[in-house]
Every structure is written in C-alpha cells, then in structure tokens.
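Participant: Next come a sequence and a model predicted from it.
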Number of protein chains: 2
Amino acid sequence: MEKFELYILGCGAALPTPHHFCSSQVLNIREKLFMIDCAEGTQMQLRRSKLKMQNIHNIFITHLHGDHCFGLIGLLSTLALLGRTATLHVWGPTGMKEIFQPQIDFFCAGTTYSIELHEVSHRQSEVIYEDRSVTISTLPLKHRVPCIGYLFQEKPLLPHIRRDAIDAFGIPVSQINNIKAGMDWTTPDGEVIPNHLLTTPADPVRSFAYMSDTMYAPELTEKLQGVNLLYHEATFSKEHELLARQNFHSTASQAAMMAKEANAKQLLIGHFSSRYKDESVLLHEAQNIFPNTIAANEGMTIKL
Amino acid sequence: MEKFELYILGCGAALPTPHHFCSSQVLNIREKLFMIDCAEGTQMQLRRSKLKMQNIHNIFITHLHGDHCFGLIGLLSTLALLGRTATLHVWGPTGMKEIFQPQIDFFCAGTTYSIELHEVSHRQSEVIYEDRSVTISTLPLKHRVPCIGYLFQEKPLLPHIRRDAIDAFGIPVSQINNIKAGMDWTTPDGEVIPNHLLTTPADPVRSFAYMSDTMYAPELTEKLQGVNLLYHEATFSKEHELLARQNFHSTASQAAMMAKEANAKQLLIGHFSSRYKDESVLLHEAQNIFPNTIAANEGMTIKL
C-alpha cells in the first residue's frame, strides 16, 4: 500500500495545557506532507516526530483563531533558517493575508524560498488543490469566524502487476507501465493476453476529512459519504451541549453522529476542552453512538 | 530576604530543539514577575513552572527576532482567554508596535484587559521603569537589528527591626514603620534611644542584567559594575569566534570576560547554538575565565 498516514502534533482546544498542544496534524500521502493547522509549538512537535519538516509543501489553516495558527510564523521562519528553497503554499480563509503577510515580510525578509498565501472561500465546498495523488476540497464549517474544513481524497491507484504472469509470458520491463495503464499484451505469436490476467486490482482509494472547529453540521455528511477517517472536533461532552452551541463547537455525541451519518469507517476526536482532565468521558460518549472512534493524542500515528 | 529569583523558561538560540526552547526568563522581585523575552512556547513553559501567569505585568522584549518574541501573541491571547483585567505593559525596540499592534487588534479584540506597547531606544542606556522595589534601565546591545539589554536594580530595602530591643523598650507597633524609616525612639522618661540600637542593617540590594543577543560589548561593563547576576549570551565557543562576530553574537569566553570586567558576582550563560549537543564545552570555556559561571537550562531557578 502507498503511504496514507495521519500524525497528531496537537489536539487540545483554545488553551495549551501540560497535556495537550493546540491543533496541528500532518497527513502523509505517498511521502508528500500536508499540514493542517499550525498552533504555537507545532515546529517543536514536528522536531519530536520523525516527519521531515522540509517535505511540507502545503499548510491548510482552518481559521484565524490563535490555537490554530500561532505556530505558522515560527515554522515559516525556521524553514528559512534551515535554508529551504522549495515554495511553500499556505491555504486559509479570507483575512489570512492581511494578518500574516506583514509578519512574513518582516520576519522572513530575504529568505531563500517563496511563501504563497492562498485565501479560499468558507462559504461553499470547492476543489482547491489537485496533484496526481490527491484531490483536496474545502468544507464550509459553522464557527464564530470563517472556518474551513478540508477533505483529502486519494486518486485511483494503478493496478498491481502480476509478477508470475509477466515472467510466464516473457513481457519486457518496458511494457510494465502500459500494462499497469490497462493495455493487453500481444505475444510474438499474435496471441492476445487480456489485461485482467496480467494484473490484480488496485488498492482502494482512501480519504480523510478534517473538521475543526464547528457546530454540528449534518448538511456536510453527504459530501463525506464513506470517508475512511473523519477527524471531528469534540470540544465538549453532551452535558455541555448548550455551551458547545453558544461557542459554535460540537459535543462528542455530535461528532459521532456526523461519523454515523457520513458512514465513515473511523472517527478521530480531538480539540478537547482543557476542562476535561480525563478525555475518556468524551471517547466513551462518542463510542456509544459510533463504536469505531478513537481519541487523538500527541504523537499518535494513524495508518489508513 | 525578600524574593529576587530568576526562572529560565528557554535558553536555546535561533532554532528550538528537543533540548531547548528559545529565549524567555522571568524575574520575580518581591512577587512581581518581570518577563524578559517571549519566544514560541513560552506560555507552555510558564504552565510547567509554578509561576502565576497573571502576576506578569511587564514583558521586556530585547529585539524583533522570532526566537525572542514569537510567543508574545500566544501569551497575550491566553491571558485574555483566562479573563485577565490588569493592564500589561510590553517594552521593546522601535518597530515593535508596527508588527505587534495589528496582531493584538485582530487576535485580542474585545479583551478584558489593556495591553500597552512601549517602544524604547536601543541607542543609549536610560531608566524606563521604576516602582518601589526596582529600577529598570536599558543597555544598548550590539546586534544585527536594534537590540536592548535590561538591567534590574533592586531599590534599597528598609532595615530590620530588632525584636528584642522593641520589646525591651516597650515600643508600640504603631511606631515600627517610623523606626524602620530611621527615627530614634524617645521613652516616656525622655530618654532618646538611637535608631541603630533598634535596627539591624537592611539586606544588601541585588541586581540582574540580561544581555542577549550581542557582540562583545566591553563599553557596558562600567554600567554593570558589581552586578549580582549577569546573564550573557554565549551562542558560540571560542573556536567559532569569527562566526560569532559575523553574526553579531558572543563566545562563551567573551561572556566570561564581560562578567570579569564588570566584577559580576555570578555569570549565567545561555542562547546556546543548536550545533552544540553538549553545552559543557561552553560552560568550561567560560569557567576558565570566570569561575563562578553556570549554564542556563529550562526549569532552572536562581535565587539571589
């Protein structure tokens, strides 16, 4: 299987605590690293991980609250000090340029690499990024300020070559890519070997959705149908549902309902309020509704 | 003794590493907390310490390099989330307002407390703060960008009351402050008891100087004469003296020479380049010139 792994760098809510850093995750798709959110301390957390900082080419900021973006300038600045040359793209809501461009101009003056800020709409879902491995779309979340979720959908992989068949028919290496692409093989005698005898089906494609911070937003479940891993904020427990609503956040139950209605394969909850010393209350609450739920923790890796 | 204690929150140089956070220290003078520099992660380090975040009323930024100030907005924002009401003063070089005021306006909008930014000159030493416990002056450092050191000088303390003498002469409690202030005591019989029989001398005043980042600046030693604790950056070892000079930094030997020429009581070195896996090379180099040298480390407390 090609790599499709998620790393948790921070999963606390508004206030960093001795237990949790604020929000940041990294999705590794075939050795390309996509960072989502970049709270204070993210660069330190990256150093503690085995992730290669210089392999990050895209950073997706969900919204302009400090617990999701205060680590950005530090990370950008460190990448410059380390001599980065590759362009880095930062995606985020309207308003991002006004707040970050002056900091970049001041603190990263004369850097060896280019930083491109891309403001995207928080009002509707749209494809904002595409390469040969992945398509990335936005998800309009419901928060106090413009807030964007991100959906990462792997592109179809090529089928696997059947080594035994290739050997049996004496097919030259130069033809492997054509056969992966679907071609049949014609032997020197003119016999046509159909492609399905030469290959086994490609691995299924995988997907990951990142939803933080948001009120319960069931209108998005259609867009999320069958997602392999849904990260959903679970700031509060259901006993604080009113507080959640007032602050445009979700409860663990609501996160689980989203996963259930989206027919997600797995739910990952995070953005835990610092009021919960023990997050198992949030985990159990979600598992009651959607059993295949796990609670995020710093240093956690999830392989899809 | 009244409290005069220094806490090290971070003592690394430009890049945070698994071993060191970037620069931040807190000086506790009679339970008033003065923070010097505020790198990324400072608020997390504060939480790990026993220091009361809300007792910080003044933050002194030396210069506008990220490893000395990227934690400021996070700390200010967290203080707001925690409901602070007391005004907080931030002191730093010219240019600080232009870079921080827009961030404060955006991220701390509607906060419950007032944040006042004070730009001070980096060109000459001047008194910028005074209360009944301490006088704080600036030190013009020599760095690539405007950079300010800070000298904290405790104000003279009152003499101690001799409890035995007070009892022997039956002096009422209402007179204690007058006697501490230097008054003699006249008995009901008209006998004058001189003040020196009623008191023992006040504790000696203490001082702390913070010098980071800077080239060797011997012209400042006059101003620092007899300082109790000199914190001086020691980014490089003497074998990298040229590199130190090129980057407007100091070697451990130069830090020690400063302490020696200033007749400091103790030298604390820090701002260690991440190239040194083991900073004992820097410590030993400094101790060769100024034996009473210690190396900073996160979590360290120094009582003066």
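Facilitator: Cool, got the structure.
Participant: buried set for stretch A:6-21?
Facilitator: Judged by neighbour count (16 or more other CB atoms under 10 Å in any protein chain shown), stretch A:6-21 contains these buried residues: A:6-16, A:20-21. Where you see a C-beta, it was placed from the backbone N, CA and C, and this is true even at glycine.
Participant: Also stretch A:107-124?
Facilitator: When neighbours are counted by 16+ other CB under 10 Å, the buried residues of stretch A:107-124 are found to be A:107, A:108, A:111, A:113, A:115, A:117, A:120, A:122.
Participant: go on, stretch A:136-156?
Facilitator: When neighbours are counted by 16+ other CB under 10 Å, the buried residues of stretch A:136-156 are found to be A:136-143, A:146-154.
Participant: And for stretch A:281-294?
Facilitator: Counting neighbours by 16+ other CB under 10 Å, one finds that the buried residues in stretch A:281-294 are A:282, A:283, A:285, A:286, A:287, A:289, A:290, A:293, A:294.
Participant: List just the nearest of those residues to chain B.
Facilitator: Ranking these by separation from chain B, with CB to the nearest CB as the measure, puts residue A:282 on top at 20.4 Å.
Participant: Chain B contacts on the stretch 101-250 of chain A?
Facilitator: With CB under 8 Å from any CB of the partner chain as the criterion, the stretch 101-250 of chain A meets chain B at residues A:102, A:103, A:106, A:107.
Participant: Give me the buried entries from those.
Facilitator: Applying a neighbour-count criterion of 16+ other CB under 10 Å, the buried members of those are A:103, A:107.
Participant: which residues of the stretch 51-200 of chain A fall in helices?
Facilitator: With helices called from DSSP state H, counting those that start in this stretch, the stretch 51-200 of chain A shows them at A:66-69, A:72-81, A:96-107, A:163-169, A:176-180, A:195-198.
Participant: could you say what helices and strands the fourth one packs with?
Facilitator: The one in question is helix A:163-169. With contacts defined as 3 or more CB pairs under 8 Å, 6 or more residues apart in numbering or on different chains; DSSP states H and E, helix A:163-169 has these neighbours: helix A:195-198.
Participant: Mind exporting the C-alpha coordinates of the helix it packs on to PDB?
Facilitator: Taking only C-alpha atoms (Å, rounded to 0.1, in the frame of the first residue of the first chain), the coordinates of helix A:195-198 have been written out as PDB:
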ATOM      1  CA  ASN A 195      -5.100  -7.200 -19.100                       C
ATOM      2  CA  HIS A 196      -7.000  -8.800 -16.200                       C
ATOM      3  CA  LEU A 197      -4.700 -11.900 -16.400                       C
ATOM      4  CA  LEU A 198      -1.600  -9.700 -16.000                       C
END
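Participant: Check which residues of it are buried.
Facilitator: Of the residues in helix A:195-198, those buried (16+ other CB under 10 Å) are A:195, A:198.
Participant: what sits up against that helix?
Facilitator: Surrounding helix A:195-198, the residues in contact under the criterion CB atoms under 8 Å, 6 or more residues apart in numbering or on different chains are A:161, A:162, A:165, A:166, A:169, A:171, A:179, A:182, A:183, A:184, A:185.
Participant: Determine how far it lies from the middle of the whole chain.
Facilitator: On the basis of CA atoms, centre = their mean, to the nearest Å, helix A:195-198 sits 34 Å off its chain's mean C-alpha point.
Participant: that older thread, quick one: closest of the helices of the stretch 51-200 of chain A to residue A:129.
Facilitator: Each of these was checked against residue A:129 via CB to CB, and the shortest separation belongs to helix A:96-107, namely 15.7 Å.
Participant: Residues contacting the closest one, please?
Facilitator: Outside helix A:96-107, the residues that touch it by CB under 8 Å, 6+ apart are A:61, A:64, A:72-73, A:76-77, A:90, A:115, A:117, A:119, B:64-66, B:99, B:102-103, B:106.
Participant: now do stretch A:172-180
Facilitator: Taking contacts as CB under 8 Å, 6+ apart, the residues outside stretch A:172-180 that touch it are A:158, A:159, A:161, A:166, A:171, A:183, A:185, A:195, A:198, A:199.
Participant: Now the buried members of those.
Facilitator: Listed as buried from the contacts of stretch A:172-180 are A:159, A:161, A:166, A:171, A:185, A:195, A:198, A:199; burial here means 16+ other CB under 10 Å.
Participant: And the pLDDT for residue A:173?
Facilitator: Confidence at residue A:173, expressed as pLDDT, is 88.
Participant: host element of residue A:16?
Facilitator: When secondary structure is defined by DSSP states H and E, residue A:16 falls outside every helix and strand.
Participant: Sorry, slip of the keys, the one I care about is residue A:46.
Facilitator: Here residue A:46, judged by DSSP H and E, is contained in helix A:42-48.
Participant: distance between that helix and the chain's centre?
Facilitator: Between the centre of helix A:42-48 and the centre of its chain there are 17 Å (CA atoms, centre = their mean).
Participant: Which residue ranges make up each domain of chain A?
Facilitator: Residue ranges for the structural domains of chain A, counted by automatic domain parsing, are given in the record as A:4-157+A:203-303, A:160-200.
Participant: out of those domains, deepest packed?
Facilitator: The highest average neighbour count among the domains of chain A, using mean count of other CB atoms under 10 Å in any protein chain shown, belongs to domain A:4-157+A:203-303 at a mean of 20.
Participant: From one end of it to the other, what's the distance?
Facilitator: With CA to CA, to the nearest Å applied, domain A:4-157+A:203-303 spans 6 Å between its terminal residues.
Participant: Of the contacts of helix A:195-198, which is the nearest to chain B?
Facilitator: Chain B has its nearest neighbour among the contacts of helix A:195-198 in residue A:161, at 42.5 Å by CB to the nearest CB.
Participant: In the stretch 201-304 of chain A, which residue sits closest to chain B?
Facilitator: With distances taken as CB to the nearest CB, the stretch 201-304 of chain A approaches chain B most closely at residue A:274, which sits 9.9 Å away.
Participant: quick check, that residue in a helix?
Facilitator: No - according to DSSP: H, G, I helix; E, B strand; the rest coil, residue A:274 belongs to no helix; its state is coil.
Participant: Do I have it right that it meets residue A:17?
Facilitator: Yes - between residue A:274 and residue A:17 there is a contact at 4.9 Å, judged by CB atoms under 8 Å.
Participant: Go through the buried residues of stretch A:107-124 and name the one nearest chain B.
Facilitator: Checking the buried residues of stretch A:107-124 one by one against chain B (CB to the nearest CB), the nearest turns out to be residue A:107, at 5.4 Å.
Participant: Mean pLDDT lowest where, among the domains of chain A?
Facilitator: Note on those: domain A:160-200 shows the lowest mean pLDDT, a mean of 90.
Participant: how long is that domain end to end?
Facilitator: One end of domain A:160-200 to the other measures 5 Å (CA to CA).
Participant: Relative to the whole chain's centre, how far out is it?
Facilitator: That offset, for domain A:160-200, works out to 36 Å (CA atoms, centre = their mean).
Participant: tell me which element residue A:19 falls in.
Facilitator: Secondary structure from DSSP H and E places residue A:19 outside every helix and strand.
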